[in-house]
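Enquirer: For reference, the sequence and a predicted model appear below.
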Amino acid sequence: PPPAQRQSWLSAGVASVGLTSFFSDSGHEIATAVLPSFVTSVLHGTAAALGLIEGFSDALTGLMKLLAGPWADDPARRRRLATSGYLGTAAATGAIGLAGAVWQVGVLRAVAWAARGVRSPARDSLLASLAREGGYGRAYGLERAGDNLGAVVGPLLAAGLVSWVGVRAAIYFAFVPGVAAALAIGVAARHARSASRAGNGPARRARLHLRALADAGLLRPLAPIVAFELGNVATTLLILRSTDLLAGGSRSYTAAASLAILVYAGHNAFASVVALGGGHWIDRANPRVVFATGAALYVLAYSGFAFGPHTWWGLLIAFALAGSGIGLSETAESTLVAQLLPDELRGSGFGALGAIQAGGDFASTAVVGILITTVSARAGFAYAAAWMLLALAVSAGTALLTPARARS
């Protein structure tokens with residue numbers, strides 16, 4: 001792009017979306033960090049109940065992304081979906097602190113995560129309409145950086161709040177950054193409205209146009225993404241593996257768990273920094289190269305977790321590799337959809353991408369968890385690494401950009 005465009009990629013609207021992701025993730029990570037203690041210690045629930053709540057909520061997020069994607073194809077509708085989705089997530093997350101029974105936690109968590117699914121395609125489509133030509137990578141890199149930075153700040157805030165006001169009251173505070181996120185996305189929506197020539201006419205019918213997505217060239221490059229997500233296990237398994245490796249000798253299991261969580265914070269910090277750098281890289285190269293590099297970093301990370309360093313610094317390296325991998329790959333995936341699709345199909349495209357991410361992550365985590373339990377941790381992470389190798393191989397032979405789009 002011309003020098004003027006390179007200098008102006010960071011508009012007020014793009015910055016507002018980045019702040020939205022930072023505030024939102026800070027808020028719901030407060031609740032996520034406190035939730036295990038709240039369910040088991042305050043409400044006297046079981047670990048199985050907590051797992052059921054989280055598993056169902058994550059699956060619901062993926063489903064709502066797919067269903068809400070076509071609604072976000074319309075510019076006017078996507079602005080309303082984004083604002084209401086962030087506000088709904090904030091209200092339902094903060095209300096978890098009012099729960100007096102485990103089932104109430106489950107309902108509120110499901111509502112919050114459903115709203116999270118509704119807002120995601122709308123936010124990503126909104127960001128694409130705000131980003132400058134040639135600056136999609138940097139825009140989505142900033143959004144991913146804000147999200148991952150929030151995942152560092154949120155748990156730290158939670159730790160301080162629990163010490164200050166207790167477990168239940170700490171969850172109430174998750175509402176505050178959530179409202180800030182809703183306000184920030186409202187600012188972004190106003191910038192998008194003023195910059196858009198569309199969105200003032202009648203709303204289009206919401207349909208998932210699979211044929212149109214295929215004609216736009218999206219389905220073929222989704223193949224390496226499917227393979228990647230089938231190997232992308234939840235970070236809770238990485239924390240569990242690290243805890244097992246760190247326990248023993250003079251270190252208790254509780255101390256090992258605390259150290260593993262602290263090391264895990266490095267994962268999110270690296271993901272935030274690398275997402276920013278990856279976005280700049282994408283705008284100079286293309287999503288395929290950056291995505292393939294992310295998959296390669298995951299192969300190295302899973303090799304580390306498989307063979308198991310028993311030192312905190314060895315595990316920090318493995319977490320840093322995984323964080324760098326997710327920072328590159330997620331930025332590349334979002335940029336791919338924004339570059340390939342016209343504005344009227346981006347909501348559907350981001351919805352389909354979100355469903356693939358959620359479904360693949362659920363399947364990979366379930367299989368790897370079973371392998372760790374029934375065979376060995378080495379077998380589980382070898383399985384995940386094999387999917388990443390396949391994603392790398394398929395990506396090498398699949399162009400993530402059609403020639404026409406690449407030149408536009």
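Expert: Happy to help now that I have it. Small disclaimer: the values here were computed from a predicted structure and weren't measured. Numbers count the residues shown, from 1 in each chain.

Enquirer: From here on, just use CA atoms for contacts and neighbour counts.
Expert: OK.

Enquirer: SS state for the residue lying closest to residue 315 once chain neighbours are set aside?
Expert: Nearest in space to residue 315, with sequence neighbours left out and distances taken as C-alpha to C-alpha, 6 or more residues apart in numbering, is residue 309 at 6.2 Å. Here residue 309 is recorded as coil under DSSP: H, G, I helix; E, B strand; the rest coil.

Enquirer: Against residue 261, how distant is residue 309?
Expert: 16 Å (C-alpha to C-alpha, to the nearest Å).

Enquirer: ok, now which ones touch residue 311?
Expert: 245-246 (C-alpha atoms under 8 Å, 6 or more residues apart in numbering).

Enquirer: List the buried residues of the strand or helix carrying residue 255.
Expert: In the assignment (DSSP states H and E), residue 255 maps to helix 253-284. By neighbour count on 16 or more other C-alpha atoms under 10 Å, the buried set for helix 253-284 is 256-257, 259-283.

Enquirer: Check which helices and strands that helix sits against.
Expert: The contact analysis (3 or more C-alpha pairs under 8 Å, 6 or more residues apart in numbering; DSSP states H and E) places helix 253-284 against helix 136-165, helix 235-246, helix 287-307, helix 312-340.

Enquirer: For the stretch 51-200 of the chain, give me the ranges with low pLDDT.
Expert: For the stretch 51-200 of the chain, applying pLDDT under 70 flags the ranges 195-200.

Enquirer: so who does residue 122 touch?
Expert: By C-alpha under 8 Å, 6+ apart, residue 122 lies in contact with 69, 72-73, 78-79, 81-82, 347.

Enquirer: Tell me the one of these nearest residue 12?
Expert: Using C-alpha to C-alpha, residue 79 is the member of the contacts of residue 122 that sits closest to residue 12, with 15.9 Å.

Enquirer: For burial, what's the neighbour tally of the closest one?
Expert: Neighbour count of residue 79, defined by other C-alpha atoms under 10 Å: 25.

Enquirer: Please determine how far the nearest residue to residue 330 once chain neighbours are set aside is located from residue 279.
Expert: Computed as C-alpha to C-alpha, 6+ apart, the closest residue to residue 330 that is not its neighbour in sequence is residue 144, at 7.5 Å. To residue 279, residue 144 is 9 Å away according to C-alpha to C-alpha.

Enquirer: next one: residue 15
Expert: 14 Å.

Enquirer: Could you report the neighbour count for residue 48?
Expert: Neighbours of residue 48 under the rule other C-alpha under 10 Å: 10.
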